[in-house]
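# Quick one: sequence and predicted model below, then my questions.
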Amino acid sequence: MTTTGVFRRITLVTAFAGLFSAGAWAQAQDPTPQQQDIKQEKKDIHQDKKDLNRDRAERNADQRDINHDKRDIRNDKQDIRQDNRDIRNDKQDVRQDNKDIRTDKKDLTKDRTDRNTDQRDINRDKTQLAKDDAKYGANSSQAQTDRKDLHQDRVDRNKDQKDINADKRDLNKDRADRNKDVRDLNADRTDRNQDVKDLHTDQKDLKADRKDRNQDQKDINKDKKDLHKDRADLHRDRHHK
């Protein structure tokens, strides 16, 4: 082979290599519209996946909120039922306290009447004793009988006074119990009213969370459709070069 032939072959190979490199460089620098579409569709698919994952996370969070709201509603209803039972019991206690107070007042009135009767008997016995002492003498049977009657009336009077003091203590205690039960009743009513408000709030929250969950599910369905469409577009562009 002559030197000239070798030189020609080297020249041709170099030229072809240069043309190929120039074409590859041009292709790398200036992608075709189809390549641009494929690249954009890959980006869209990646974004669709991100949107889908985000919407699923939000849907799951909403579902957890819904479950929490349901538990709150169950607890609120239980609290309301318990509050109503407490209120009924408090009303019964107040009624019983008022009944005890009325009984205490009757007992107190009766014991005061007995005490006053005993005091009149004592006053009468003193008068009679003074008369018998003056008429029959201090050691007479009449005077001794008067002293016994006076002593017995004083015993009765003292006993009635003790009963009066006990009735006053009972009355004060029953009034204190009644006042405490009234406070408990008012507190339980306040708790019941607050629990009813909590129930209404939780029901509103549940409604709002369900609405958000349903919207997130719609977004998920839309993301799936978008993802399916972008994948179909990518497949079409890849196979219709």
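Happy to help now that I have it.

# and the closest residue to residue 192 other than its chain neighbours, what helix or strand is that in?
Excluding the flanking residues, the one nearest residue 192 by C-beta to C-beta, 6 or more residues apart in numbering is residue 83, at 3.6 Å. Just so you know, the C-beta spots here come from the backbone N, C-alpha and C atoms, and that holds for glycine as well. For residue 83, the host element (DSSP states H and E) is helix 33-136.

# pLDDT on that helix, on average?
Per-residue pLDDT values across helix 33-136 average out to 92.

# so what secondary structure elements neighbour that helix?
When contacts are defined as 3 or more C-beta pairs under 8 Å, 6 or more residues apart in numbering; DSSP states H and E, helix 33-136 sits against helix 141-238.

# Now do the helix it packs on and helix 33-136, the angle between them.
180 degrees (axes from the mean of the first three to the mean of the last three C-alpha atoms, to 10 degrees).

# tell me which strands and helices helix 141-238 is in contact with?
Counting by 3+ C-beta pairs under 8 Å, 6+ apart, helix 141-238 packs on helix 33-136.

# quick one on the thing from earlier: residue 191 is in contact with the residue nearest to residue 192, correct?
Yes. Taking contacts as C-beta atoms under 8 Å, residue 83 lies within contact range of residue 191: 5.2 Å.

# okay, these two: which has more neighbours?
Between residue 83 and residue 191, counted using other C-beta atoms under 10 Å, the more crowded position is residue 83 (20 against 16).

# Okay, that one and residue 184: tell me how far apart.
To residue 184, residue 83 is 11 Å away according to C-beta to C-beta, to the nearest Å.

# Apart from its chain neighbours, what residue comes closest to the spatially most central residue of the chain?
Using C-alpha atoms, centre = their mean, the residue of the chain that lies closest to the mean C-alpha position is residue 76, 5.5 Å off. Spatial nearest neighbour of residue 76, chain neighbours left out: residue 199 (3.9 Å); criterion: C-beta to C-beta, 6+ apart.

# got a list of what residue 164 touches?
Counting by C-beta atoms under 8 Å, 6 or more residues apart in numbering, residue 164 touches 108, 111, 112, 115.

# and with 6 Å instead?
111, 112, 115 (C-beta atoms under 6 Å, 6 or more residues apart in numbering).

# Put the alpha carbons of stretch 33-42 into PDB.
Extracted C-alpha coordinates of stretch 33-42, given in PDB (Å, rounded to 0.1, in the frame of the first residue of the first chain):
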ATOM      1  CA  PRO A  33     -39.200  18.400  20.400                       C
ATOM      2  CA  GLN A  34     -40.000  14.700  21.100                       C
ATOM      3  CA  GLN A  35     -37.100  14.500  23.500                       C
ATOM      4  CA  GLN A  36     -38.300  17.700  25.200                       C
ATOM      5  CA  ASP A  37     -41.800  16.200  25.500                       C
ATOM      6  CA  ILE A  38     -40.400  13.000  27.100                       C
ATOM      7  CA  LYS A  39     -38.300  15.000  29.600                       C
ATOM      8  CA  GLN A  40     -41.300  17.100  30.500                       C
ATOM      9  CA  GLU A  41     -43.500  14.100  30.900                       C
ATOM     10  CA  LYS A  42     -41.000  12.500  33.200                       C
END
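
# buried set for it?
37, 38, 41 (16 or more other C-beta atoms under 10 Å).

# okay but the second one is in contact with residue 237, surely?
Yes. Taking contacts as C-beta atoms under 6 Å, residue 38 lies within contact range of residue 237: 5.1 Å.

# which neighbours do those two share?
Contacts common to residue 38 and residue 237, judged by C-beta under 6 Å, 6+ apart, are absent.

# what about dumping the CA coordinates of stretch 205-218 to PDB?
Below are the C-alpha coordinates for stretch 205-218, written out as PDB (Å, rounded to 0.1, in the frame of the first residue of the first chain):
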ATOM      1  CA  ASP A 205     -64.900  19.100  63.900                       C
ATOM      2  CA  LEU A 206     -66.000  15.600  62.700                       C
ATOM      3  CA  LYS A 207     -68.000  17.100  59.900                       C
ATOM      4  CA  ALA A 208     -65.200  19.400  58.900                       C
ATOM      5  CA  ASP A 209     -62.600  16.600  59.000                       C
ATOM      6  CA  ARG A 210     -64.900  14.300  56.900                       C
ATOM      7  CA  LYS A 211     -65.200  17.100  54.400                       C
ATOM      8  CA  ASP A 212     -61.400  17.500  54.300                       C
ATOM      9  CA  ARG A 213     -61.000  13.700  54.000                       C
ATOM     10  CA  ASN A 214     -63.400  13.500  51.100                       C
ATOM     11  CA  GLN A 215     -61.700  16.400  49.300                       C
ATOM     12  CA  ASP A 216     -58.300  14.700  49.800                       C
ATOM     13  CA  GLN A 217     -59.800  11.500  48.400                       C
ATOM     14  CA  LYS A 218     -61.000  13.500  45.300                       C
END
